[in-house]
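Novice: Okay, sequence plus prediction incoming.
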Amino acid sequence: NGQSGSTFDNYAHIEASSGTAGSASLLSTPPLQMSATGGRVSFYYYMHGATIGTLSVSSCTATSVCTQLWTLTGQQQTTGTAPWVFVALHLPSTTSTVRWNATRGTSFTGDIAIDTISFSQRPGVCTTASATGAFFQVAAAVPLLTCIGGAGPTSAAQGTCFT
């Protein structure tokens with residue numbers, strides 16, 4: 001189940017059953033438009049397993065110069081029923097894309113998941129709305145937010161849904 005607890009929730013899951021220690025999985029947004037003051041990204045993570053690697057988030061410019069904003073290593077949830085953890089990060093005005101990088105630990109017991117990713121043009125302000133798709137890309141003329149999972153545009157005029 002994803003962060004909402006629903007068996008029908010959409011979330012990104014990095015499976016550690018195959019691969020080698022240190023192998024990475026990357027999730028990147030399509031191009032974003034930030035306001036002059038930057039923006040905000042928020043998401044929930046779940047890192048349960050004895051051999052969790054690292055999860056990091058980076059802000060990348062249009063020329064692909066990336067700056068790491070946040071990183072966390074090792075098991076964070078000690079039981080399979082522990083709650084997901086919320087993270088909110090400021091995005092610089094130069095942000096063109098945001099990247100999540102999950103690095104595999106030493107064994108198969110190191111799955112990482114992220115859910116309910118949302119972007120806001122206004123740092124520190126969260127807007128909520130219901131959405132049914134897995135990924136929304138906000139149209140350039142609508143400076144509201146972009147999200148994966150739980151909140152975001154609710155009509156075609158506000159964005160495009162990628163499931």
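Specialist: Okay, I see it.

Novice: Go ahead and report the secondary structure state at residue 77.
Specialist: Recorded secondary structure, residue 77: coil (DSSP: H, G, I helix; E, B strand; the rest coil).

Novice: and it, how far is that from residue 97?
Specialist: In this view, residue 77 and residue 97 are 28 Å apart by Cβ to Cβ, to the nearest Å. Heads up, the C-betas are built off the backbone N, CA and C, glycines and all.

Novice: Below-threshold pLDDT in this structure: ranges please.
Specialist: Low-confidence segments of the chain, defined by pLDDT under 70: 1-9, 122-163.

Novice: name the element the residue lying closest to residue 17 once chain neighbours are set aside belongs to?
Specialist: In space, and not counting its chain neighbours, residue 17 is closest to residue 108: 4.6 Å by Cβ to Cβ, 6 or more residues apart in numbering. When elements are assigned from DSSP states H and E, residue 108 belongs to no helix and no strand.

Novice: which ones are touching residue 108?
Specialist: 16, 17, 18, 51 (Cβ atoms under 8 Å, 6 or more residues apart in numbering).

Novice: Most neighbours out of these, which is it?
Specialist: Ranked by the number of neighbours (other Cβ atoms under 10 Å), those place residue 16 first, at 23 neighbours.

Novice: mind listing what that one touches?
Specialist: Residue 16 makes contacts with 49, 51, 53, 104, 105, 107, 108, 109, 110, 111, 112, as judged by Cβ under 8 Å, 6+ apart.

Novice: 10 Å instead, please
Specialist: If you count contacts by Cβ atoms under 10 Å, 6 or more residues apart in numbering, residue 16 has them with 23, 25, 49, 51-53, 102-112.

Novice: What of residue 100?
Specialist: Residues counted as contacts of residue 100 (Cβ under 10 Å, 6+ apart) are 12, 14, 25-29, 41, 43, 45, 55-58, 70, 112, 114, 117.

Novice: same deal with residue 25?
Specialist: Going by Cβ under 10 Å, 6+ apart, residue 25 touches 12-16, 19, 53, 55, 100-104, 112.

Novice: now do residue 111
Specialist: Contacts of residue 111 by Cβ under 10 Å, 6+ apart are 13-17, 46-49, 51-52, 102, 104-105.

Novice: Among these, find me the one that's closest to residue 64.
Specialist: residue 102 (19.3 Å; Cβ to Cβ).

Novice: Let's verify the closest one: helix, strand, or coil?
Specialist: What three-state DSSP gives for residue 102 is strand.

Novice: Residue 30 now?
Specialist: coil.

Novice: Thanks a lot, catch you later.
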